[in-house]
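# here's my sequence, what's the structure:
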Amino acid sequence: PAIAGALLDIGGDICCAGDAPGGLNWLVGLPDPLIPCDNAPLVGGVALRDRAIATSGCGPRDRLIGGERYSATLDSHTGWPVPHRRSATAIAASALEADALATALLSLTPAAGAKLVESLPGASARLTDPDASEWLSGASRSAHATPEWIPVQARSAGPPQPDEPKWHDRWVAFVTFTAPPRQMKRDPAFRSPYVAIWISDADNRPVRTLVLIGSIKEWQQDNYIWWGQNRAIAQKLVDSRSMSTRGTGEYKVLWDGIDESGKSVAPGRYILHIETSRERGKHTHRSLELDFSKAKRFTAELPKNDESGGLVVSFERF
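Just a heads-up that it's a prediction; the model follows:
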């Protein structure tokens with residue numbers, strides 16, 4: 001059959017062409033751009049067709065120096081990293097244009113950035129800083145000029161319950177996953193794995209999916225342990241996320257004590273799972289028990305191996 005549409009995502013720069021499954025526009029989620037993790041909570045999304053989207057700003061490639069985060073993007077005016085607490089998402093006719101526009105907006109003043117976007121027919125951009133966010137539209141007022149903005153309901157822990165233990169305030173588990181090496185010389189048929197990383201409670205009931213690499217249903221089903229526990233949420237996933245370009249083979253995610261429904265969980269023991277499967281390769285499932293009972297910093301690790309990569313977990317106040 002003829003191909004009706006396609007979405008290409010290269011490290012957060014995304015090009016959408018034709019129809020998404022079901023004849024719909026492609027839904028691209030926009031994570032909170034000021035949280036530098038791959039699974040930052042979504043603040044909304046855009047429905048795109050025959051457009052490209054790119055985001056520059058805070059992200060997994062930030063450098064941590066002396067306890068301070070610095071952007072990987074340099075300001076062309078000064079040669080120093082751009083002001084870190086800013087982010088720009090741009091939409092244009094091609095991925096090249098969107099990426100260039102998003103990067104340029106980081107080193108421009110808000111007024112100069114707005115003037116630049118307004119001069120580009122069909123372009124639009126979303127600028128974010130800690131105080132506010134703003135959509136800017138290009139000269140063209142066509143249907144493509146201002147994307148359809150799809151809000152995401154804010155997370156809520158619900159009303160407080162008497163004597164109900166709550167997650168430690170501002171304590172977060174940071175998880176870094178490093179993909180297995182390709183080892184092409186030893187194994188020419190090696191294929192990067194489909195990966196699922198999730199949190200379950202001590203009774204192995206799923207709490208939150210942190211990473212899902214491979215969004216097509218058939219790929220998800222290959223990780224049959226995750227699929228058996230989480231198939232109900234699979235259809236709620238966005239087609240992709242526009243975010244600052246991530247590093248090759250490394251994913252940095254967080255868990256803030258929030259479950260899949262947006263509610264806070266109680267401190268205690270939880271299990272971190274990593275499941276991988278790959279074409280012409282093996283299926284693996286490993287787990288790591290973690291104790292979040294106390295607001296106390298710790299680190300834990302699953303060593304890297306050739307099939308499923310490795311995990312490092314750090315629990316700390318954020």
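# can you map out the helices along the stretch 1-150 of the chain?
Taking DSSP state H, counting those that start in this stretch, the helices of the stretch 1-150 of the chain run over residues 95-106, 110-118.
# possible to save the ones you listed as JSON lines with distance to E289 and mean pLDDT?
For every residue, glycine as well, the C-beta is placed using N, CA and C. Below are the helices of the stretch 1-150 of the chain laid out as JSON lines (distance: least, C-beta to C-beta, whole Å; pLDDT from 0 to 100):
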{"stretch": "helix 95-106", "distance to E289": "41", "mean pLDDT": "92"}
{"stretch": "helix 110-118", "distance to E289": "48", "mean pLDDT": "89"}
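# indicate which one of those helices is closest to L302.
Of all the helices of the stretch 1-150 of the chain, helix 95-106 sits nearest to L302, with 34.1 Å by C-beta to C-beta.
# ok so, going back, deepest of the helices of the stretch 1-150 of the chain, which one?
helix 95-106 (a mean of 21; mean count of other C-beta atoms under 10 Å).
# can I get it in PDB? Just the C-alpha atoms.
Provided in PDB are the C-alpha atoms of helix 95-106 (Å, rounded to 0.1, in the frame of the first residue of the first chain):
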ATOM      1  CA  ALA A  95      13.700  20.800   9.900                       C
ATOM      2  CA  LEU A  96      16.700  22.800   8.800                       C
ATOM      3  CA  GLU A  97      14.700  26.100   9.100                       C
ATOM      4  CA  ALA A  98      13.100  25.100  12.400                       C
ATOM      5  CA  ASP A  99      16.500  24.100  13.900                       C
ATOM      6  CA  ALA A 100      18.200  27.300  12.800                       C
ATOM      7  CA  LEU A 101      15.400  29.500  14.000                       C
ATOM      8  CA  ALA A 102      15.200  27.900  17.400                       C
ATOM      9  CA  THR A 103      18.900  28.200  18.000                       C
ATOM     10  CA  ALA A 104      19.000  31.900  16.700                       C
ATOM     11  CA  LEU A 105      16.200  32.800  19.100                       C
ATOM     12  CA  LEU A 106      18.300  31.800  22.100                       C
END
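# and the angle from it to helix 110-118?
Relative orientation of helix 95-106 versus helix 110-118 (axes from the mean of the first three to the mean of the last three C-alpha atoms, to 10 degrees): 160 degrees.
# I'd like to know which elements helix 95-106 is packed against.
Where contact means 3 or more C-beta pairs under 8 Å, 6 or more residues apart in numbering; DSSP states H and E, helix 95-106 is packed against strand 13-18, strand 51-57, strand 87-92, helix 110-118, strand 124-128.
# what about 6 Å?
strand 13-18, strand 51-57, strand 87-92 (3 or more C-beta pairs under 6 Å, 6 or more residues apart in numbering; DSSP states H and E).
# SS state for E301?
Put simply, E301 is strand when judged by DSSP: H, G, I helix; E, B strand; the rest coil.
# what's the burial count for it?
Look at E301: counted by other C-beta atoms under 10 Å, it has 12 neighbours.
# tell me what it is bridged to.
Beta-bridge pairing of E301, defined through DSSP bridges, involves V312.
# quick one: it and V312 touch, right?
Yes - contact criterion C-beta atoms under 6 Å: E301 and V312 qualify, at 5.1 Å.
# what about V265, how many residues nearby?
20.
# so what's it up against?
Shown in contact with V265 (C-beta atoms under 6 Å, 6 or more residues apart in numbering): G257, D259.
# ok, residues contacting the helix or strand encompassing S314?
Using DSSP states H and E, S314 sits in strand 309-317. By C-beta under 6 Å, 6+ apart, the list of residues contacting strand 309-317 from outside reads 170-171, 173-180, 274, 297-304.
# understood, closing this out.
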